[in-house]
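Novice: okay, here's the prediction I keep looking at, along with the sequence it came from:
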Amino acid sequence: MYNIIFFQIFHFFKVFIKLYKYRTSKQHKNRERMDQENKKLLLQFQGEMLRIGTVVGFKHFSMTLQGREEMLLKIKTSSKIHALPPESSFLLAAYARYHSPYVWLRSENQVLLKMTRTVNPDNPLNLQSVQNWKNGTIHVWDVIQELVQYCHNTTDVNPFDVNLNHFYSLKNKAEQYLSTAAMINCLQKILLASQPNVHVTKSISKDIYKLTKVHFQGLETLVQTKSIPILKQYEESQMNRPSKSLPWASNYASSPSKLSPNLWAQQTKPPWM
């Protein structure tokens, strides 16, 4: 009888250990899969930071890249909110060791800390866009949009308003051509990926239309003045390219009058005859 009881207890522990190992292994695999997915999303987020961080000409904010994982964001605050400073600085970072993007306030702004329900100023801001990031539908411009709306204390503002005077004032047509192309591409991605509200969508679409006109006007000027580097290189290569004359044509050009008709015909015979 004791042997039977001992056998049953032994069998129970054996089954329990197998179940425990199976569960632990499954949790480990799930954790690895989630880590891989988070890593992929973070790399995508870092890539978006690199692309949008080089775009210049937004009305409400400016960006400065500080390596692959950091971007300094300066946002102009609304003049209607007297408690806020004229400009607020943020550090938008996507550190690999944290497995998630975060935003830190880098200027004295107690109002924004209260608005974002952030107790400790040394901690990352409590942003809805960052919390929803792991869903895979949040992009860099969604985080920027939320910050601009906080700084203006309204959701009606278009965070991506373009400072058109910046592009009009560019005297270098090549710089104007490239900068407008970068801004148009950025705005198109924002429209396609984030699908903002109707007001923001109309405002962005108008800016894209105006920038496209400036872009092609600059391109037309560059073509007319032959100021596009690749066109210059092509024309120079064509001018310096030696002319390829056919051997039978060169023989004829030498002195056809000194050759007898038969000999001249043999030496100047084209290769296809």
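Specialist: Structure received.
Novice: and this structure, what are its domains?
Specialist: 53-161, 162-236 (automatic domain parsing).
Novice: dump these to JSON lines, plus mean pLDDT, mean neighbour count and distance to residue 39.
Specialist: Just so you know, the C-beta spots here come from the backbone N, C-alpha and C atoms, and that holds for glycine as well. Formatted as JSON lines, the domains of the chain follow (pLDDT from 0 to 100; neighbours: other Cβ atoms under 10 Å; distance: least, Cβ to Cβ, whole Å):
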{"stretch": "domain 53-161", "mean pLDDT": "89", "mean neighbour count": "17", "distance to residue 39": "7"}
{"stretch": "domain 162-236", "mean pLDDT": "87", "mean neighbour count": "15", "distance to residue 39": "20"}
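Novice: would JSON lines of the ones you listed with distance to residue 36 be doable?
Specialist: As requested, these are exported to JSON lines (distance: least, Cβ to Cβ, whole Å):
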{"stretch": "domain 53-161", "distance to residue 36": "11"}
{"stretch": "domain 162-236", "distance to residue 36": "22"}
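Novice: select, out of the ones you listed, the one closest to residue 18.
Specialist: domain 53-161 (31.6 Å; Cβ to Cβ).
Novice: how far off centre is that closest one?
Specialist: Centre-to-centre, domain 53-161 and its host chain are 17 Å apart (Cα atoms, centre = their mean, to the nearest Å).
Novice: how long is that domain from one end to the other?
Specialist: Its start and end residues considered, domain 53-161 measures 16 Å (Cα to Cα, to the nearest Å).
Novice: does residue 122 sit in a helix, a strand or a coil?
Specialist: coil (DSSP: H, G, I helix; E, B strand; the rest coil).
Novice: and the nearest residue to residue 99 once chain neighbours are set aside, how many residues sit next to it?
Specialist: Among residues not flanking residue 99 along the chain, residue 38 sits closest, at 4.8 Å (Cβ to Cβ, 6 or more residues apart in numbering). Around residue 38 sit 17 other residues, with neighbours defined as other Cβ atoms under 10 Å.
Novice: per-residue pLDDT, residue 38?
Specialist: Confidence at residue 38, expressed as pLDDT, is 78.
Novice: what sits against residue 53?
Specialist: With contact taken as Cβ atoms under 8 Å, 6 or more residues apart in numbering, residue 53 is in contact with 63-65, 71.
Novice: if we use 6 Å, what do you get?
Specialist: 63, 65, 71 (Cβ atoms under 6 Å, 6 or more residues apart in numbering).
Novice: so the spatially most central residue of the chain is in which element?
Specialist: Centroid check for the chain by Cα atoms, centre = their mean gives residue 51 as the closest residue, at 2.6 Å. Residue 51 is part of helix 2-52, with elements assigned from DSSP states H and E.
Novice: can you pull the phi/psi pair for the residue nearest to residue 108 when sequence neighbours are not counted?
Specialist: Spatial nearest neighbour of residue 108, chain neighbours left out: residue 85 (7.2 Å); criterion: Cβ to Cβ, 6+ apart. Main-chain dihedrals, residue 85, degrees, to the nearest 10: phi -70, psi 160.
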